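S.K.: Whatever this is, show me its structure:
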Amino acid sequence: MTVNKKKILFVNDEMRMGGVARVLNTLMEALPEDQYDIDLLVLHKRGMLLKEVPGNVRILEGSSFFRTVDQSLPALLQAFDIPAVFSKIRLLLYMKTGAIKKKIKEERNRTHLEGYDIEVAAKEGFCTIFTACGTSRKKINWVLTDYSVCNYSKRHMNLVKWALQYIDLNVADSTQALKAYEEVFNVTGGSVIHNLMDIKRIEESLKEPSSIHEKDALPKVICVARFHPQKAIDRLLIASKEADAIGLKHHLYLVGGGEEESALKQYAYDNHMDYVNFCGYMQNPYSAIEACDLFVLPSLYEGFATVINESLIATTPVLTAAVSGTEEQITSKDYGWIVENSQKGINEGLQNALKDPSLLKEMKQKLNGYHYPNDRILKQFLNVLQ
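M.R.: Numbers count the residues shown, from 1 in each chain. Model (predicted):
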């Protein structure tokens, strides 16, 4: 018997290295090919994770009108990219006046973005507005950050509130993220579904040798993140310096890159932190995580930091600032610590963890039995896509 496949359109602004693009790829990979035809619209078609989009997914590109949707005006001005500056100003004017609704509908008609059963705004904000302007039978808004801490839509609140009238379901990746979103936008009836993990990919990656090889027995601490203000890597460097100053010697590995990289490197240089290793981006960070004794997440805010569960799968305990989702992730004392979301909290947390290296080894051993409930989470996603 022939089964009619559902047509799904996912809408994202870009596919650069980061949590949103990664969890989106993981979800699209997990959806049964015999049940869904999947299109991915990338409004500004760029990013390292484009090459990791599943092969059965058709990638579409937004028109030139949306090319600056993921870029800030100050950054474009600093880069002296005059054409992009004018394009961004035009986009902002359309949003400020509300004319963006008509413009999106015109662009959708011109590029034939119709005929979908389901449309998913893969990132709340502009993608929510874009999805609201479509004609799909069911529209879903994916909430992946804590709006009580950072409201990305604060300059366009009326526009997003308008869009949410046409959204059938808001799906958030943590309880706190949903609660905050519903309070900020005065909506109800959303669902919480944790992010899927690409467990097979992680397990395959763990078979590869690690680039981390230290001859001494000092504890090895790692953080994998974009070097962006949200991730607050500077707080980890300060905590690391304080720990080292009181004799808690260790190695620190920072995996990633971004706009904060030069400032972070300068801080490490100025403070003679020669035990800090800037590793750059890694296609496979999981072997490096496994080779370390402790993963630290110093972020100011998150929605549901998948890197926490990735670290646990790699058998490395986690020290994390108290951000959205962590209480649903660090559910056992063997998994790690949740500390106050402050410099003091991270300082004290790191010192506490480094004081007992044997405990870290014991926690790593116990994490060999860690299980992430991917099957249950996939069923939840399939239910909302009905």
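S.K.: From the recorded domain assignment, give the ranges for this structure.
M.R.: Using automatic domain parsing, the domain parsing of the chain gives 6-192, 200-369.
S.K.: would you turn those domains into a markdown table with distance to I377, mean neighbour count and mean pLDDT?
M.R.: C-beta here means a position set from N, CA and C on the backbone, and glycine is covered the same way. Converted to a markdown table, the domains of the chain look like this (distance: least, C-beta to C-beta, whole Å; neighbours: other C-beta atoms under 10 Å; pLDDT from 0 to 100):
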| stretch | distance to I377 | mean neighbour count | mean pLDDT |
| --- | --- | --- | --- |
| domain 6-192 | 9 | 18 | 95 |
| domain 200-369 | 11 | 18 | 96 |
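S.K.: To N383, which of the ones you listed lies closest?
M.R.: domain 6-192 (8.9 Å; C-beta to C-beta).
S.K.: Switch the domains of the chain over to TSV; also include distance to Q386.
M.R.: TSV is the format used below for those (distance: least, C-beta to C-beta, whole Å):
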stretch	distance to Q386
domain 6-192	8
domain 200-369	23
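S.K.: So which of those domains is nearest R376?
M.R.: Closest to R376 of the domains of the chain, according to C-beta to C-beta: domain 6-192, at 12.4 Å.
S.K.: Please state the offset of that closest one from the chain centre?
M.R.: Domain 6-192 sits 14 Å away from the centroid of its parent chain (C-alpha atoms, centre = their mean, to the nearest Å).
S.K.: Can you measure across that domain, start residue to end residue?
M.R.: With C-alpha to C-alpha, to the nearest Å as the measure, domain 6-192 spans 23 Å from end to end.
S.K.: before we move on, what about stretch 345-364?
M.R.: End-to-end distance of stretch 345-364: 23 Å, with C-alpha to C-alpha as the criterion.
S.K.: residues in contact with it?
M.R.: With C-beta atoms under 8 Å, 6 or more residues apart in numbering as the test, stretch 345-364 has contacts from 217, 219, 221, 235-236, 238-240, 242-243, 246, 248, 250, 293-294, 296, 298, 315-317, 319, 321-322, 334-337, 339.
S.K.: which stretch among the domains of the chain comes nearest K379?
M.R.: Closest among those, once you apply C-beta to C-beta, is domain 6-192, at 10.7 Å.
S.K.: ok so, going back, can you tell me which of the domains of the chain comes nearest to L378?
M.R.: domain 6-192 (5.4 Å).
S.K.: on that earlier part again, in strands, which of the contacts of stretch 345-364 appear?
M.R.: Per DSSP state E, strands hold the following members of the contacts of stretch 345-364: V221, L294, V296, L319, A321, G336, W337, V339.
S.K.: contacting residues for the nearest residue to the fifth one once chain neighbours are set aside?
M.R.: Right, A321. For A321, ignoring the flanking residues on the chain, the nearest one in space by C-beta to C-beta, 6 or more residues apart in numbering is N341 at 4.3 Å. Applying C-beta under 8 Å, 6+ apart, we find N341 in contact with L300, A321, A322, V323.
S.K.: pretty sure the third one is in contact with E340, am I right?
M.R.: Put plainly, it is A322. Yes: A322 is within contact range of E340, at 6.2 Å (criterion: C-beta atoms under 8 Å).
S.K.: mind listing the strands for the stretch 1-150 of the chain?
M.R.: Remark: strands assigned in the stretch 1-150 of the chain by DSSP state E, counting those that start in this stretch are 6-12, 36-42, 58-61, 118-121, 138-143.
S.K.: so which of those gets nearest D270?
M.R.: The closest of those to D270 is strand 6-12. By C-beta to C-beta, the value is 38.3 Å.
S.K.: list the contacts for G190?
M.R.: Neighbour list for G190: V143, L169, N170, V171, A172, L178, Y181, E182 [criterion: C-beta under 8 Å, 6+ apart].
S.K.: now with 6 Å?
M.R.: By C-beta atoms under 6 Å, 6 or more residues apart in numbering, the residues touching G190 are N170, A172, L178, E182.
S.K.: got it, and H272?
M.R.: Contacts of H272 by C-beta under 6 Å, 6+ apart: none found.
S.K.: Let's verify it: helix, strand, or coil?
M.R.: coil (DSSP: H, G, I helix; E, B strand; the rest coil).
S.K.: where does it fall, phi/psi-wise?
M.R.: Backbone torsions of H272, given as degrees, to the nearest 10, read phi 50, psi 40.
S.K.: For it, give its distance to K241.
M.R.: H272 sits 9 Å away from K241, going by C-beta to C-beta, to the nearest Å.
S.K.: got the contacts of N341 as CSV, with distance to L367 columns?
M.R.: What follows is the contacts of N341, written out as CSV (distance: C-beta to C-beta, whole Å):
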residue, distance to L367
L300, 26
A321, 20
A322, 21
V323, 21
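S.K.: Which members of these are the farthest-apart pair?
M.R.: The most widely separated members of the contacts of N341, counting by C-beta to C-beta, are L300 and A322 (10.9 Å).
S.K.: quick revisit: L385: which of the domains of the chain is closest?
M.R.: domain 6-192 (5.8 Å).
S.K.: Report whether the expected contact of L24 with A121 is present.
M.R.: No: in this structure, L24 is not within contact of A121 by C-beta atoms under 6 Å, at 10.9 Å.
S.K.: contacting residues for S240?
M.R.: L252.
S.K.: gap between it and L254?
M.R.: Taking C-beta to C-beta as the measure, S240 falls 10 Å from L254.
S.K.: again with A21
M.R.: 21 Å.
S.K.: for the residue nearest to A321, helix, strand, or coil?
M.R.: For N341, the secondary structure call by three-state DSSP comes out as coil.
S.K.: measure it to V192 for me?
M.R.: As judged by C-beta to C-beta, N341 and V192 stand 21 Å apart.
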